[in-house]
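[1] got a predicted structure here, sequence first:
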Amino acid sequence: MRIIFIGPPGAGKGTQAVKIVAKYKPVHLSTGDMLRAARDAKTEIGLQADEYMSSGQLVPDEVVIGVIAERLKSDDCKSGYLLDGFPRTIAQAEALDKMLAASGTPLDIVLELKVPDDELFTRLVERGRKEGRTDDTPETIQKRIAVYNNQTSPLLDYYGKKGLLKTIEGLGTIDEIFARIEKVLDAPKSGCGCGCR
Ligand code: AMP
């Protein structure tokens, strides 16, 4: 299965991604994790990305598109993947569409994990305290939520029009939320093959 997982920072995508991977076995492709690894390894891409990441801005499209294009060529992606944190802009979604059209491997589904902004803020402040992530300070959190609303949320319409979007209510316990995801992922595919389901 080729799945895109969209949601604002703090929605719980990481937690649910682990459960999706355990049950459905897609390769987990998190651009945030890839960029943090590149930053820690002090590669050129990592150093380039660092200033954007620590201020809560998006890393430039061409950098992230390059990273994901390279990763999608790997053999382990052939049997399916969960894209977590990519695409985050319409330009990234269009670039992904071109890559997938060229390889003849269309997306199966786009999951949106939906959580209200005030709840996100509370969760992220708490995560910042516990994990010490440099981009979980109150100012950066506000910025990242605004970036999501301005630059990433237009993707919901983009994938909605393609008939690929399924919205999951992101409030509740981890298991309740995962049960909603399972219901959507286990639903039999229907439609005429044009992407409608
Ligand atoms: P995440 O772990 O997904 O919240 O990503 C952490 C940070 O990495 C983001 O705030 C961005 O600075 C950067 N990042 C991750 N994925 C992308 C992407 N698809 N496009 C641009 N920047 C990204």
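    Structure's in. What do you need?
[2] make it CA atoms for all contacts and neighbour counts henceforth
    OK.
[3] what sits against L111?
    The neighbours of L111, taking CA atoms under 8 Å, 6 or more residues apart in numbering as the test, are 3-6, 165-168.
[4] can you list the strands that the helix or strand containing it pairs with?
    Element membership of L111, judged by DSSP states H and E, is strand 109-114. Here strand 109-114 is paired, per DSSP bridges, with strand 2-6 (parallel), strand 165-169 (parallel).
[5] surely A49 and D33 touch.
    No: the criterion here is CA atoms under 8 Å, and A49 misses it with D33 at 11.9 Å.
[6] same drill for these two, tell me which one is more crowded.
    In terms of neighbours (other CA atoms under 10 Å), A49 is the more surrounded of A49 and D33; the figures are 21 against 13.
[7] could you find the closest non-adjacent residue to that one?
    With sequence-adjacent residues excluded and distances taken as CA to CA, 6 or more residues apart in numbering, A49 is closest to V59, at 5.6 Å.
[8] neighbours around the one you found, how many?
    V59: 18 neighbours (other CA under 10 Å).
[9] again, but for G10
    22.
[10] ok, E182 next?
    Neighbours around E182, by other CA under 10 Å: 15.
[11] and the residue nearest to A49, how far from the ligand?
    Taking CA to the nearest ligand atom, to the nearest Å as the measure, V59 falls 4 Å from the ligand.
[12] so for A49 and D33, which residues contact both of them?
    With CA under 8 Å, 6+ apart, A49 and D33 have no common neighbours.
[13] ok, back up a step: among the strands paired with strand 109-114, which comes closest to the ligand?
    Between the ligand and those, the tightest spacing by CA to the nearest ligand atom is seen for strand 2-6, at 9.6 Å.
[14] next secondary structure after the closest one?
    helix 13-24.
[15] the following helix or strand past that next one: partners in the sheet, and parallel or antiparallel?
    Later in the chain than helix 13-24, the nearest helix or strand by DSSP H and E is strand 27-30. Take DSSP bridges as the rule and strand 27-30 pairs in its sheet with strand 81-84 (parallel).
[16] after the partner strand, which helix or strand is next?
    That would be, after strand 81-84 and using DSSP H and E, helix 90-103.
[17] before we move on, the earlier item: columns mean pLDDT, distance to P188 and mean neighbour count on top of the strands paired with strand 109-114, output as a markdown table?
    Shown next, in a markdown table, are those (pLDDT from 0 to 100; distance: least, CA to CA, whole Å; neighbours: other CA atoms under 10 Å):
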| stretch | mean pLDDT | distance to P188 | mean neighbour count |
| --- | --- | --- | --- |
| strand 2-6 | 98 | 15 | 22 |
| strand 165-169 | 98 | 14 | 18 |
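[18] to I181, which of those lies closest?
    Nearest to I181 among these is strand 165-169 (6.7 Å), distances taken as CA to CA.
[19] next, the angle helix 13-24 makes with the next helix or strand after that closest one.
    Sequence order places helix 174-186 as the next helix or strand after strand 165-169, per DSSP H and E. Angle, helix 174-186 to helix 13-24, by axes from the mean of the first three to the mean of the last three CA atoms, to 10 degrees: 50 degrees.
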